[in-house]
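Visitor: mind looking at a prediction? Sequence and model below.
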Amino acid sequence: MPMPHRTQMQVIKRRLTGKEGSERVHELRVILHELPGYRNGPYADLRKWVLEQIEETHKRSHAIQRDSIAIRREGAAQVALVGAPNAGKSSLLHALSHVQIKIGDYAFTTLRPVAALTRIGGILVQLVEIPGLISGAADDRGGGRALLGVLRNADAIVYCQDISGPYHALQDVRNEVALAGIDLPSILAATKMDEANEGDLAALQAAIPDLPVVGVSIIDDESLGAFKEAVWKLTGLIRVYLRRNKQVDEEPLAMEPGSTIIDVATKVHKELASNFRGARIWGPSARFDGQQVGRDHLVQDGDSVEIITW
Ligand SMILES: Nc1nc2c(ncn2[C@@H]2O[C@H](COP(=O)(O)OP(=O)(O)OP(=O)(O)O)[C@@H](O)[C@H]2O)c(=O)[nH]1
Ligand SMILES: [Mg+2]
């Protein structure tokens with residue numbers, strides 16, 4: 001004999017307290033399964049109520065998702081590609097990673113942020129295309145608030161501008177980013193450079209003097225390489241290569257700016273740091289190859305380090 005339906009309702013509500021989204025839907029389905037399957041009467045009403053709750057929970061979680069889009073952070077840094085529709089953001093993302101993404105010769109081909117990993121000098125950096133930032137985005141036009149929310153979490157911005165296109169759309173986008181109070185290290189990628197005329201790049205730099213401009217074309221590998229290096233510089237991170245048994249590791253470590261030798265040792269292994277006796281260094285921060293340095297020596301991008309232990 002099932003318990004009285006009024007008590008049952010209380011029990012159900014208690015079971016649902018604090019549960020939202022898929023967790024709530026799961027619990028509701030379990031409840032539905034447990035309820036006696038009467039077609040009429042209070043238990044039928046209860047079943048109906050549970051079914052409605054499932055529906056409503058779905059609706060609610062979709063509404064929440066529309067307002068905030070989550071991009072899972074991966075890699076050593078997250079760099080956003082931002083620009084007017086059709087500027088070539090997806091094309092860059094595609095050229096620099098293995099992501100399958102729609103590319104179209106029209107505005108708003110991409111509707112939601114898309115993330116992809118690219119390897120720069122052995123370190124993975126996450127690129128995120130932020131599409132559809134239009135005038136009024138900061139006031140949530142075109143779902144702009146959620147898009148700006150993703151942008152706010154990035155470490156840096158690459159603005160994209162079609163080298164042959166008008167500049168005003170980019171100015172609109174920058175305006176929205178400024179209105180949203182987002183201020184991140186930024187550069188400007190002049191895209192589709194294979195279609196540029198002489199003087200275009202200089203004209204763009206003159207029109208937008210506050211952002212360093214780097215030209216890029218997806219059909220020119222050299223320009224893609226230079227673009228990646230510019231993205232790396234933008235992250236501010238430092239690549240440090242370890243030397244072990246006279247061999248230099250192929251994969252560098254990504255260190256925060258201001259890191260010292262002991263930070264490098266700690267990143268490799270806590271034990272290496274606690275047994276630290278000294279280090280030898282090669283590269284930009286070394287006065288000469290193999291210079292002996294102490295734990296507080298500041299490393300620079302491109303250094304290689306041999307840690308000496310007790
Ligand atoms: N010639 C040339 N065309 C390019 C280059 N990069 C992109 N395009 C073209 O520019 C158009 C737009 O490219 P997308 O990558 O879809 O642009 P998007 O900025 O992602 O556009 P939305 O997602 O609509 O905001 C497509 O027709 C691409 O083929 C390039 O380096 N050279
Ligand atoms: Mg796109």
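Guide: Cool, the structure landed. Ligands and ions are numbered 1, 2, ... in the order given.

Visitor: okay, CA-based contacts and neighbour counts for the rest of this
Guide: Noted.

Visitor: residues contacting stretch 93-112, please?
Guide: Applying Cα atoms under 8 Å, 6 or more residues apart in numbering, the external contacts of stretch 93-112 come out as 85-86, 90-91, 116-118, 127-132, 147, 218, 224.

Visitor: and what of stretch 15-35?
Guide: Stretch 15-35 is contacted from outside by 12, 43, 47, 50-51, 53-54, 57-58, 60-61, using Cα under 8 Å, 6+ apart.

Visitor: and with 7 Å instead?
Guide: For stretch 15-35, the external contacting residues (Cα atoms under 7 Å, 6 or more residues apart in numbering) are 47, 50, 54, 57-58, 61.

Visitor: what residue is smack in the middle of this structure?
Guide: What sits nearest the mean C-alpha location of the chain, by Cα atoms, centre = their mean, is Gln78, with 4.0 Å.

Visitor: does Ile307 belong to a helix, a strand or coil?
Guide: Put simply, Ile307 is strand when judged by DSSP: H, G, I helix; E, B strand; the rest coil.

Visitor: need the contact list for it.
Guide: 278-280.

Visitor: and if you look at Lys89?
Guide: 81, 129, 160.

Visitor: please redo it, this time with the cut-off set to 10 Å
Guide: Lys89 sits next to 80-83, 95, 103, 110, 128-131, 158-162, 189, 191 when contact means Cα atoms under 10 Å, 6 or more residues apart in numbering.

Visitor: restrict the residues you listed to contacts with ligand 1.
Guide: The residues of the contacts of Lys89 that also fall near ligand 1, by Cα under 6 Å from any ligand atom, are 103, 110, 131, 191.

Visitor: what strand or helix carries Val30?
Guide: Under the criterion of DSSP states H and E, Val30 resides in helix 21-34.

Visitor: tell me which residues of the helix or strand where Arg15 lies come out buried.
Guide: For Arg15, the host element (DSSP H and E) is helix 5-16. Neighbour counts over helix 5-16 (16 or more other Cα atoms under 10 Å) mark 9, 12, 16 as buried.

Visitor: same question, stretch 47-59
Guide: Under the neighbour-count criterion of 16+ other Cα under 10 Å, stretch 47-59 has 47, 50-51, 54, 57-58 buried.

Visitor: show the average pLDDT along that stretch.
Guide: Confidence over stretch 47-59, taken as the mean pLDDT, stands at 87.

Visitor: circling back: now, which of the contacts of stretch 93-112 lie within helices?
Guide: 90-91, 147, 224 (DSSP state H).

Visitor: return the member of those nearest to ligand 2.
Guide: Within the ones in helices among the contacts of stretch 93-112, the smallest distance to ligand 2 is 4.1 Å, found for Ser90 (Cα to the ion).
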